[in-house]
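>>> give me the fold of what follows.
(chains A and B)
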Amino acid sequence: QKEVEQNSGPLSVPEGAIASLNCTYSDRGSQSFFWYRQYSGKSPELIMFIYSNGDKEDGRFTAQLNKASQYVSLLIRDSQPSDSATYLCAVNKGFADKLIFGTGTRLQVFP
Amino acid sequence: GAVVSQHPSWVICKSGTSVKIECRSLDFQATTMFWYRQFPKQSLMLMATSNEGSKATYEQGVEKDKFLINHASLTLSTLTVTSAHPEDSSFYICSALPGQGQETQYFGPGTRLLVL
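Sure, this is the predicted structure:
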């Protein structure tokens, strides 16, 4: 079992729709959860992070964490073609610890 | 703030040569830097964790004698790929941790290495 699992996609959504990206992790000791966006040929850029169970909103993005079920998700509202990228889920076990990345979900937003 | 640079962005070299990649935190001090490698259509794989003034910690399967890491200052870490071979061709990305209670890693733009 991979430590961090994501559906590779592609996930195709129309412009203006909500895109829902999911991630599960195997280590219950995981403490922090991150979502990164990676455009083709570029390095990852941080979208947001979450530590506590529940929802965390930042603009069009909402991260959701459920530690009991060991999953974390990212919702993108009002999806735009510019959101088309690979979304990487990453977890670590504590402060300054290494990040374990999932393989990423490719999102395609079509006009 | 929290800008990380890498140099060079592209490098093409002949098999058997060594290549040095620099990672710099431009507007903060980074006690910890990480080096990742990403092959096409795959995710980032951590190669090593680099702490200023101490030896790097390598992940399982990563040859420390082949991938030399030097974290000489709080703003600079270097990765040297020694005796590079075509299978070392990849996208190398560093990240830096600001410390001071911050947990978010900031990534450099990456270095694409092609070994002929």
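>>> which other residues reach stretch B:96-107?
A:32, A:34, A:36, A:43-46, A:49, A:92, A:95-96, A:99, B:2-4, B:23, B:25, B:28-34, B:77, B:93-95, B:108 (C-beta atoms under 8 Å, 6 or more residues apart in numbering or on different chains). Backbone N, C-alpha and C define where each C-beta goes, glycine included.
>>> for that stretch, buried residues please.
B:96-99, B:103, B:105-107 (16 or more other C-beta atoms under 10 Å in any protein chain shown).
>>> over to stretch B:68-81?
Here stretch B:68-81 shows B:68-69, B:71, B:74-79, B:81 as buried, counting by 16+ other C-beta under 10 Å.
>>> now, the most widely separated pair of the residues you listed?
The largest distance within those, taken as C-beta to C-beta, falls between B:Leu74 and B:Val81 and amounts to 23.5 Å.
>>> around chain A, pick out the residues from chain B.
B:31-32, B:34, B:42-46, B:49, B:93, B:95, B:97, B:99, B:103-110 (C-beta under 8 Å from any C-beta of the partner chain).
>>> tell me which of those residues fall in strands.
If you go by DSSP state E, those have B:32, B:34, B:45-46, B:49, B:93, B:95, B:97, B:106-107 in strands.
>>> re the thing from before, which of the buried residues of stretch B:96-107 sits closest to A:Glu15?
B:Phe107 (27.7 Å).
>>> where does A:Ser82 land in three-state SS?
Judged by DSSP: H, G, I helix; E, B strand; the rest coil, the three-state class of A:Ser82 is helix.
>>> contacting residues for it?
A:Val109.
>>> can you read off the pLDDT for the closest residue to B:Gly53 other than its chain neighbours?
Residue nearest to B:Gly53 in three dimensions, not counting chain neighbours: B:His71, with 7.1 Å by C-beta to C-beta, 6 or more residues apart in numbering or on different chains. The per-residue pLDDT reported for B:His71 equals 88.
>>> cool, A:Asn92 as well?
89.
>>> I'd guessed it sits against A:Lys98; true?
Yes - between A:Asn92 and A:Lys98 there is a contact at 6.3 Å, judged by C-beta atoms under 8 Å.
>>> circling back to that earlier point, wait, the residue nearest to B:Gly53 sits on B:Ser77?
Yes - counting by C-beta under 8 Å, B:His71 does reach B:Ser77; the two are 4.4 Å apart.
>>> which neighbours do the two share?
B:33, B:50.
>>> near chain B, which residues of chain A show up?
A:32, A:34, A:36, A:42-46, A:49, A:88, A:92, A:95-96, A:98-104.
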